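# Give me a 3D structure for the following:
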Amino acid sequence: MTTATLNPSVETLKARFGSDVRRASTSCGDTIMHVARGKAHEILAWLKHDPVERYDYLTDITAVEYRDRELPIEVVYQLRSLERKLDLRLKVELPKDRPLEVDTITDLWKGANWLEREVWDMFGIRFAGHPDLRRILLPEWWEGHPLRKDYPVTGRGEHERVVEESLRPIDAD
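Numbers count the residues shown, from 1 in each chain. Down below sits the predicted model:
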């Protein structure tokens, strides 16, 4: 990865938020910025509402877990400024030994509601202040978060229960 030079927002963010912008880089033409967990909401709000920046479209929220890092889990926000035709990826690193939690951004983008629920469902990352944080892809009885590295490859026996439920007649309850 190289120092980010493609997106003009990099220097603006560094000047405004200082050490809360941990590092910036580019990869395959994409600008990536790592920001402090406690400042992520404030930075995202500023990027959306600043009259120059105008990142008005949240295209995605996801997460990644790496095995060999000191801070192995990242929450990834993908933003787009429709007017400026610029993309920006913000990442927040989380330690595995503390509660996996960041602030919700549903107050900034309504579409974050389902995206945050998906990240919760698949990775177990909580979004503090989320209005309805519950499973969205898996049944409520499901234990664990299947995209975490510690989740067994063969599952925990859920397959049998899913098959059993799918074979049950609809009006059996």
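
# ranges for the helices of the protein?
Using DSSP state H, the helices of the chain run over residues 9-17, 40-49, 112-123, 158-167.

# Including distance to Y77 and mean neighbour count, could those go into a markdown table?
(C-beta placed from N, C-alpha, C; glycine too.) Output for the helices of the chain, formatted as a markdown table (distance: least, Cβ to Cβ, whole Å; neighbours: other Cβ atoms under 10 Å):
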| stretch | distance to Y77 | mean neighbour count |
| --- | --- | --- |
| helix 9-17 | 13 | 17 |
| helix 40-49 | 6 | 18 |
| helix 112-123 | 9 | 20 |
| helix 158-167 | 30 | 11 |
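
# D68: which of those is closest?
D68 lies closest to helix 112-123 among those, at 17.7 Å (Cβ to Cβ).

# angle of the closest one against helix 40-49?
140 degrees (axes from the mean of the first three to the mean of the last three Cα atoms, to 10 degrees).

# just checking, what packs against helix 112-123?
When contacts are defined as 3 or more Cβ pairs under 8 Å, 6 or more residues apart in numbering; DSSP states H and E, helix 112-123 packs onto strand 57-65, strand 126-128.

# how many neighbours does the spatially closest residue to G111 that is not a sequence neighbour have?
Leaving out its chain neighbours, the residue that sits closest to G111 by Cβ to Cβ, 6 or more residues apart in numbering is L58, at 5.8 Å. Under the neighbour criterion other Cβ atoms under 10 Å, L58 is assigned a count of 19.

# buried ones in stretch 70-86?
P72, I73, E74, V75, Y77, Q78, L79, R80, S81, L86 (16 or more other Cβ atoms under 10 Å).

# If anything else comes up later, I'll come back, but that's it for now.
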